[in-house]
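> build me a model:
(2 chains)
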Amino acid sequence: GAGVSQTPSNKVTEKGKYVELRCDPISGHTALYWYRQSLGQGPEFLIYFQGTGAADDSGLPNDRFFAVRPEGSVSTLKIQRTERGDSAVYLCASSKREGLSYNEQFFGPGTRLTVL
Amino acid sequence: GEDVEQSLFLSVREGDSSVINCTYTDSSSTYLYWYKQEPGAGLQLLTYIFSNMDMKQDQRLTVLLNKKDKHLSLRIADTQTGDSAIYFCAERANNAGNMLTFGGGTRLMVKP
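Next up, the predicted model:
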């Protein structure tokens, strides 16, 4: 079956604009994660959904970042008033359910966001 | 806080063994993972080890865990040019929900 998909693959925007990044998890996966990977670094956790609710949003850097998952499937990461420092690859991952043994997270290819 | 450290770069010749090292600080880690990232591709889980184990072997991959020193290593036997990629270790802490904390990645270059 299909893996995790993310759209767009690339997004170029201007400082101060609003952007939305979309993630389609693997069908049936109840857990969904957003990570951010800056150039030359490892991914950093942003937010985790179990079903429709955000179970842990401790990684969101500030209140310009917000994410939703209204029907427990597709998720949208929203960034307001973008800044040049927001430029990074935004990764989405999904897994079957919380607490399942090693809980493999399947990652999407990411959205490369560039803020000019 | 949690911190995962890796060396930045490793270069080996095709056919040699590669050893990628990782240190972590959270003693409550339950699972530790190795991911592979190739250009233009998503992160791919290679292998994982539960914290009560000290070794796991999976074909060409061997994971060693020294829990006392909080040191994790990934050995790739008979390294091939297709193994060239960035390798990330990650920990899943027992008290942090299900989020993963990643190291900065080790770029493995395999020379023919």
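> what about the strands in chain B?
Secondary structure of chain B, counting by DSSP state E: strands at B:4-6, B:9-13, B:18-24, B:29-37, B:43-50, B:55-58, B:61-66, B:71-76, B:85-93, B:101-102, B:106-111.
> the ones you listed: which one's closest to residue A:60?
strand B:101-102 (15.8 Å; C-beta to C-beta). In short, each C-beta sits where N, CA and C put it, glycine included.
> for the residue of chain A found nearest chain B, list the residues it contacts.
Across chain A, no residue is closer to chain B than residue A:42, which sits at 3.4 Å (C-beta to the nearest C-beta). Shown in contact with residue A:42 (C-beta atoms under 8 Å, 6 or more residues apart in numbering or on different chains): B:4, B:88, B:90, B:102-105.
> among those residues, which are in reach of chain A?
Taking C-beta under 8 Å from any C-beta of the partner chain as the test, chain A is in contact with B:4, B:88, B:90, B:102-105 out of the contacts of residue A:42.
> and of these, the nearest to residue B:10?
Distances from residue B:10 to the ones next to chain A among the contacts of residue A:42, taken as C-beta to C-beta, are shortest for residue B:105 (11.0 Å).
> is it possible to get CSV of the strands of chain B that adds mean neighbour count and mean pLDDT?
Converted to CSV, the strands of chain B look like this (neighbours: other C-beta atoms under 10 Å in any protein chain shown; pLDDT from 0 to 100):
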stretch, mean neighbour count, mean pLDDT
strand B:4-6, 20, 94
strand B:9-13, 13, 97
strand B:18-24, 19, 96
strand B:29-37, 22, 90
strand B:43-50, 18, 92
strand B:55-58, 12, 94
strand B:61-66, 17, 96
strand B:71-76, 19, 97
strand B:85-93, 23, 92
strand B:101-102, 22, 94
strand B:106-111, 17, 97
